[in-house]
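A.B. asks: A structural model of the following input is requested.
(one chain, ligands or ions: 1)
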Amino acid sequence: MLRTLIRHKLQSYRIPLSQPDNTLPEKLSQPRSVAVIGGGIAGMSAAANLAERGFEVHLYEKERYLGGKIGSWEFQSHGQTLRTEHGFHGFFRQYYNLREFLHKIGADRHLIPIDDYTILYDKNKKQGFRNLAKTPLLNILSLRRYGMLDWKTFVHPRSLPFVHLLAYHPQRTFQKFDGESFASFAARTGMNRYMRLVFNSFARAFFAEPEDMSMAELIKSFHFYFLSNEDGLIYDVLDSDFQYSFISYVEKFLYKYNAVVYYATPVETIATASDHVIVNGRRYDYAVLCTDVKHTKRLVENSPELKRHPLLYRQLSALKHSGRYAVLRLWTDRFEADKSLPFFVFTDRLKCLDSVTLYHKMERESEAWSRENQGGIFELHSYALPHDLTDDSEIQACLLRELYHYFPELEGMKILHTYFQHRDDFPGFHVNQYAGRPTVKTEAPRLFLAGDWVKMDNCTMLMEAAYTSGALAANYIMTDEGLRENALWSVPLKGIFA
Ligand SMILES: Cc1cc2nc3c(=O)[nH]c(=O)nc-3n(C[C@H](O)[C@H](O)[C@H](O)COP(=O)(O)OP(=O)(O)OC[C@H]3O[C@@H](n4cnc5c(N)ncnc54)[C@H](O)[C@@H]3O)c2cc1C
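C.D. replies: Prediction:
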């Protein structure tokens with residue numbers, strides 16, 4: 001009964017974001033060209049959605065491969081050719097639009113479920129959430145079973161702000177909490193250690209230290225990932241390298257619809273007019289800018305003509321990227337002792353290590369390497385490197401030290417190959433950023449924005465935000481051309497008590 005009521009109140013967990021008008025044509029009847037700048041998920045989304053409708057699409061990517069943060073590439077180590085990726089990614093079940101796309105292009109056959117959402121803490125303790133209730137609200141109450149909530153949480157006056165977790169509202173939450181950091185909220189509400197562990201794992205998904213992370217963004221993420229759907233915290237991963245399980249399917253789809261991909265071709269300048277956009281000196285009817293925050297700022301600095309749109313220029317120039325993060329992949333001669341661990345585990349960070357991925361259990365190519373070499377492939381992430389840890393070799397040493405803390409059986413292992421990334425190109429979901437963030441539709445009538453950093457009315461984040469924003473940009477262009485827009489979906493826009 002309660003479950004049905006909650007489901008009803010939360011609109012069966014899925015609401016339409018667009019209202020396609022079936023009387024409108026699907027395909028273009030006159031030639032129209034679009035430049036899509038940046039070939040991450042947002043760019044692939046805009047390009048695929050528009051090419052399918054008959055637009056002449058040119059997709060520009062500065063790297064030799066598509067995918068952006070889900071890209072994968074080859075490298076040489078000790079005479080061997082190996083592949084690596086930007087980092088482990090989880091595909092949650094409420095990624096409605098991205099998953100529909102994976103289904104459309106045939107890549108969903110590569111999705112496999114992770115056994116559990118697991119956090120390692122202290123030296124030998126682990127906390128899984130497989131048996132957590134799935135219905136929103138009841139799942140919060142069932143956190144009591146894990147020692148993460150007690151009745152005091154509900155009666156202590158300091159704890160009243162917890163109610164806001166259940167009352168996500170697209171405007172009010174940001175008005176109230178975008179100026180407060182997660183660290184300050186946790187201190188003010190006396191959040192217990194285990195609950196902090198769970199929230200930290202959410203905050204880290206946004207590459208921010210608790211002192212920087214906007215509490216409003218965290219409430220939004222709690223709504224999106226935990227309180228707006230019945231899918232629980234269990235998600236899926238791709239069973240093979242991203243190039244083979246995702247990007248090659250997108251490439252095939254783009255070629256089928258005659259899109260042209262310019263690899264290793266950075267866009268250096270953009271200029272806009274009322275009826276066209278100039279990209280790298282070439283004229284297009286429309287452009288969708290799908291670059292990451294850091295490179296967007298560079299492109300804007302290089303494109304003074306964008307000053308004709310003062311609000312857009314100001315918003316893009318003020319974008320903030322995350323602090324530094326690190327991804328270290330190791331090819332080793334040992335395995336972890338606890339065979340029951342899922343592919344991916346969060347760790348309660350000592351100084352730098354936030355998560356460990358066991359690639360040899362998850363990805364076909366890694367499994368094959370592991371069988372052949374009788375060793376493991378581990379990927380270590382630090383989502384927000386401490387300020388005093390800047391040197392590459394010190395970062396790697398710190399990550400390894402903490403790996404041995406949680407996996408003492410690996411100490412003394414032989415490391416056969418490594419691939420290390422030290423980057424800062426994630427969007428900053430920091431305090432006081434939301435109000436100034438630009439939207440998909442801009443002041444420039446022919447220029448649209450897409451990416452995980454672009455503000456949208458619906459509640460969505462990370463890969464789903466990247467995909468949805470690209471598809472929304474495509475919908476705006478189709479509407480301008482009198483075409484039927486594509487159907488898009490969202491979790492409910494508001495929390496149960498909003
Ligand atoms: C380590 C790590 C783990 C993650 N884990 C998860 C996860 O588990 N689940 C999840 O949902 N999300 C996760 N994310 C986030 C997710 O990767 C991103 O939200 C998403 O991929 C962003 O896609 P995008 O298209 O917006 O941007 P990007 O992937 O950054 O794409 C931008 C593209 O623009 C290109 N570009 C930049 N400048 C130019 C230029 N001038 N000309 C041409 N091209 C240019 C770049 O090369 C890049 O290909 C993770 C991210 C990282 C880094």
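A.B. asks: rest of the way, CA atoms for contacts and neighbours
C.D. replies: Noted.
A.B. asks: can you tell me if stretch 56-67 touches the ligand.
C.D. replies: Yes: using Cα under 6 Å from any ligand atom, stretch 56-67 reaches the ligand at 60-63, 66-67.
A.B. asks: Can you give me the buried ones in that stretch?
C.D. replies: Judged by neighbour count using 16 or more other Cα atoms under 10 Å, the buried positions of stretch 56-67 are 56-63, 65-67.
A.B. asks: What about those residues, which are in strands?
C.D. replies: 56-60 (DSSP state E).
A.B. asks: Farthest-apart pair in the buried residues of stretch 56-67, please.
C.D. replies: The two members of the buried residues of stretch 56-67 with the most space between them (Cα to Cα) are 56 and 63, at 21.6 Å.
A.B. asks: Toward the C-terminus, what is the element adjacent to the worst-scoring helix or strand of the chain on mean pLDDT?
C.D. replies: The weakest-scoring helix or strand in the chain, judged by mean pLDDT, DSSP states H and E, is helix 151-155 (a mean of 59). Sequence order places helix 172-177 as the next helix or strand after helix 151-155, per DSSP states H and E.
A.B. asks: List of residues touching that next one?
C.D. replies: The list of residues contacting helix 172-177 from outside it, by Cα atoms under 8 Å, 6 or more residues apart in numbering, reads 164, 214-217, 219, 434.
A.B. asks: Buried residues in the lengthiest helix in the chain, which are they?
C.D. replies: Secondary structure of the chain per DSSP state H: the longest helix is helix 462-480. Buried residues in helix 462-480, counted by 16+ other Cα under 10 Å: 462-478.
A.B. asks: Next: stretch 189-209.
C.D. replies: Under the neighbour-count criterion of 16+ other Cα under 10 Å, stretch 189-209 has 189, 191, 194-204, 206-209 buried.
A.B. asks: mind checking the end-to-end distance for it?
C.D. replies: End-to-end span of stretch 189-209 (Cα to Cα, to the nearest Å): 18 Å.
A.B. asks: is that stretch anywhere near the ligand?
C.D. replies: No: figure legend: stretch 189-209 not in contact with the ligand (Cα under 6 Å from any ligand atom); closest approach 6.8 Å.
A.B. asks: before we move on, the earlier item: closest to the ligand out of the ones in strands among the buried residues of stretch 56-67?
C.D. replies: Proximity to the ligand was ranked across these by Cα to the nearest ligand atom; first place goes to residue 60, at 5.0 Å.
A.B. asks: The closest one against residue 262, yeah?
C.D. replies: Yes: between residue 60 and residue 262 there is a contact under Cα atoms under 8 Å: 4.9 Å.
A.B. asks: how about low-confidence regions in the stretch 151-300 of the chain?
C.D. replies: The model of the stretch 151-300 of the chain has pLDDT under 70 over residues 151-161.
A.B. asks: the domain parsing of the protein - what is it?
C.D. replies: Following automatic domain parsing, one finds the domains of the chain at 2-69+242-321+435-490, 131-227.
A.B. asks: Quick one: distance of the last one to the chain centre.
C.D. replies: Distance, stretch centre to chain centre, for domain 131-227: 19 Å (Cα atoms, centre = their mean, to the nearest Å).
A.B. asks: Same check on stretch 64-81?
C.D. replies: 20 Å.
A.B. asks: I'd say residue 106 and residue 249 touch.
C.D. replies: Yes: the pair residue 106 / residue 249 is scored as a contact, 7.0 Å apart, by Cα under 8 Å.
A.B. asks: re earlier: would JSON lines of the contacts of helix 172-177 with neighbour count, distance to residue 16 and secondary structure be doable?
C.D. replies: Below are the contacts of helix 172-177 laid out as JSON lines (neighbours: other Cα atoms under 10 Å; distance: Cα to Cα, whole Å; DSSP: H, G, I helix; E, B strand; the rest coil):
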{"residue": "164", "neighbour count": "17", "distance to residue 16": "25", "secondary structure": "helix"}
{"residue": "214", "neighbour count": "31", "distance to residue 16": "28", "secondary structure": "strand"}
{"residue": "215", "neighbour count": "30", "distance to residue 16": "27", "secondary structure": "helix"}
{"residue": "216", "neighbour count": "31", "distance to residue 16": "24", "secondary structure": "helix"}
{"residue": "217", "neighbour count": "25", "distance to residue 16": "22", "secondary structure": "helix"}
{"residue": "219", "neighbour count": "28", "distance to residue 16": "22", "secondary structure": "helix"}
{"residue": "434", "neighbour count": "19", "distance to residue 16": "24", "secondary structure": "helix"}
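A.B. asks: That'll do, ta.
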